[in-house]
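Asker: following is a predicted model, sequence given first.
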Amino acid sequence: MSDSLGLLDLAAAVPKEEWDARLLALSKRRRVRIISKPSEKRAQKERDDEKSRKDSKVSTLGENGLQKLGTRLAEAMAENEAPPPDEMLKNAVGKADVS
């Protein structure tokens, strides 16, 4: 096993019992963050799949279909940005101050 930083070799040299102890200590913490990165082959496949999906959608919908979806998206975004009615806020559980 090898990688550019030699971390895989380092990890492989750590005994199983030590890994178990480290993972147990991590699991007792309130938060755990695991950061991973896909292999270059997997990342390229995902990029290719996404490009293929977009190209397929464009060819299926055509210019007119894309324009309709763009209009629909703009309308939905405008509706989502509208402030809630005062009546809704007055009846809220926390009784927000709407003055």
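Answerer: Structure received. Numbering: from 1, shown residues only.
Asker: any weak-confidence spans in this protein?
Answerer: Counting by pLDDT under 70, the low-confidence segments of the chain come to 1-3, 32, 93-99.
Asker: apply 80 and report the result again.
Answerer: 1-7, 29-33, 38, 89-99 (pLDDT under 80).
Asker: all the helices of it, in order from the start?
Answerer: Taking DSSP state H as the test, the helices found in the chain are 7-13, 16-28, 40-81, 86-90.
Asker: let me have the ones you listed in TSV, extended by distance to residue 34 and mean neighbour count.
Answerer: In short, each C-beta sits where N, CA and C put it, glycine included. Shown next, in TSV, are the helices of the chain (distance: least, C-beta to C-beta, whole Å; neighbours: other C-beta atoms under 10 Å):
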stretch	distance to residue 34	mean neighbour count
helix 7-13	14	10
helix 16-28	9	10
helix 40-81	17	10
helix 86-90	40	11
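Asker: next one: residue 92 from residue 58, what distance?
Answerer: 43 Å (C-beta to C-beta, to the nearest Å).
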